Structures are given as C-alpha cells and as structure tokens.
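# Just to be clear, the model below is a prediction. Sequence and coordinates:
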Amino acid sequence: MFGFPMNMDDAVIRPLESQKIRRLHPCNYDHRRELKKLNHSILASFLDLLDILIKCPESPRRQEKLEDITLLFIHMHHLVNEFRPHQARETLRVMLEMQKRQRIETAERFQRHLDQALDVLQQAAQTLPDESQLELMNHLLIPQQDTLRGEEIPKDTDISGCSIKDKLMCDIIDAM
C-alpha cells in the first residue's frame, strides 16, 4: 500500500510506527479534527507544489513536497481505516435489527394464519351434526333390507353389518 509491502496476517490496523512511518498527530486525538487538519495540509502542500512547479520545475523542493503529500495521504488513509471497525460494527447492528424485524413480522403473519386456521376448524366443528342427528340420518339413509340378498338387516347392527354391542365392546377394549 502506497509503495510499502503489507502482510495479510498482521493486525487489521497496524500502528504507523510499526510500518516505519513518522506519526504526525498525537496518540490521543479527535479523529474529526485531525482529518480536517490533514485535509487542509494536503491542500496547502498541493498548492505549494503547484507554485514550485510553476516557478522552478527542476527544483529539489519538488521531490520534498511530493514526499510530504504522500506522508499526509498515508496518515489520512490510516485515520479513515481506524473508523472501519466502528463502521463494520454499526453495519452489523443495523443488519441484525433488520433480520429481527423481518422475523417478528414473519412470526406475526404466521400467528395470523394460525388464528385463521383455528377459526375455520372451530366453525367446521360447530357445523358437524351431533350423534342423535347421525343416528336419525343413518335410519333414513340405510334401507332396512339387504337389497342384494333380499334379507332384512337387524336393527341392532350398523352400516358395516357389525352388531352395535360388538362395536361398543371393541371400543372399550381399545380404550384400555
């Protein structure tokens, strides 16, 4: 970066001193104020460089100004990179809040659909006929004679031809 080798295994933001770069700002500083200072210094150095190039392009001061501007840009880049963990943390927080909101909305929609399904089931259960109505319907719908054999069906049997008492006994045994 900026002509200096960079190892990917190093810390995310290495101190300037470990990169053999002279520090221009104090260790404890206000990022905003230092960035403004660096911005003004870069602008002033650029104007100085233009002045040097206009008056004497072959002057050795031209190379010194270029080195100064490079150092200022390295410092500005370093200060901006120090904000990256804060930015990543904030981005992650916003993403997690969005996911939480989406999950809550999905859960609410699911709950509404569940409530609607329960209402439909309750209405269906209420419209089902009770046992006395079923017996009445069975007697009306089932002929009392076996039409294929011409035999009469005994009154104590159901549709399948099983005795009602036998069916009750089977239900009692199954319930045990």
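That came in fine, so what should we check first? Since we're looking at a predicted model, the values are computed, not measured. Numbering: from 1, shown residues only.
# I104 and H113, how far apart?
From I104 over to H113 the distance is 15 Å, taken as Cβ to Cβ, to the nearest Å. No exception for glycine: its C-beta is placed from N, CA and C like everyone else's.
# Repeat that for P60.
Separation of P60 from H113 (Cβ to Cβ): 78 Å.
# which one is F83 nearest to, not counting chain neighbours?
Nearest non-adjacent residue to F83, counting by Cβ to Cβ, 6 or more residues apart in numbering: H31, 6.9 Å away.
# Give me the neighbour count for that neighbour.
Using other Cβ atoms under 10 Å, the number of residues around H31 comes to 13.
# L38: neighbouring residues, count only.
The number of residues packed near L38 is 22, by other Cβ under 10 Å.
# Which helix or strand contains it?
Here L38 sits within helix 31-55, counting by DSSP states H and E.
# moving C-terminal of that helix, what's the next helix or strand?
helix 60-82.
# For the protein, give me the ranges with low pLDDT.
1-2, 4, 6-27, 129, 132-161 (pLDDT under 70).
# Mind naming the longest helix for it?
helix 84-127 (DSSP state H).
# Point out the other helices and strands that it packs with.
The contact analysis (3 or more Cβ pairs under 8 Å, 6 or more residues apart in numbering; DSSP states H and E) places helix 84-127 against no helix or strand.
# Going forward, count from 27.
Yep, numbering from 27; the last one is helix 110-153 now.
# And for K91, nearest residue in space, chain neighbours not counted?
Leaving aside its sequence neighbours, K91 sits nearest to L75 (Cβ to Cβ, 6+ apart; 4.3 Å).
# burial of the one you found, as a residue count?
Neighbours of L75 under the rule other Cβ under 10 Å: 17.
# Now do the contacts for it.
If you count contacts by Cβ atoms under 8 Å, 6 or more residues apart in numbering, L75 has them with 88, 91-92, 95.
# which of those are buried?
91, 95 (16 or more other Cβ atoms under 10 Å).
# Throw the contacts of L75 into JSON lines and include distance to Q152, thanks.
Listed next are the contacts of L75 as JSON lines, based on distance: Cβ to Cβ, whole Å:
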{"residue": "R88", "distance to Q152": "94"}
{"residue": "K91", "distance to Q152": "90"}
{"residue": "L92", "distance to Q152": "88"}
{"residue": "I95", "distance to Q152": "84"}
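# Thanks a lot, catch you later.
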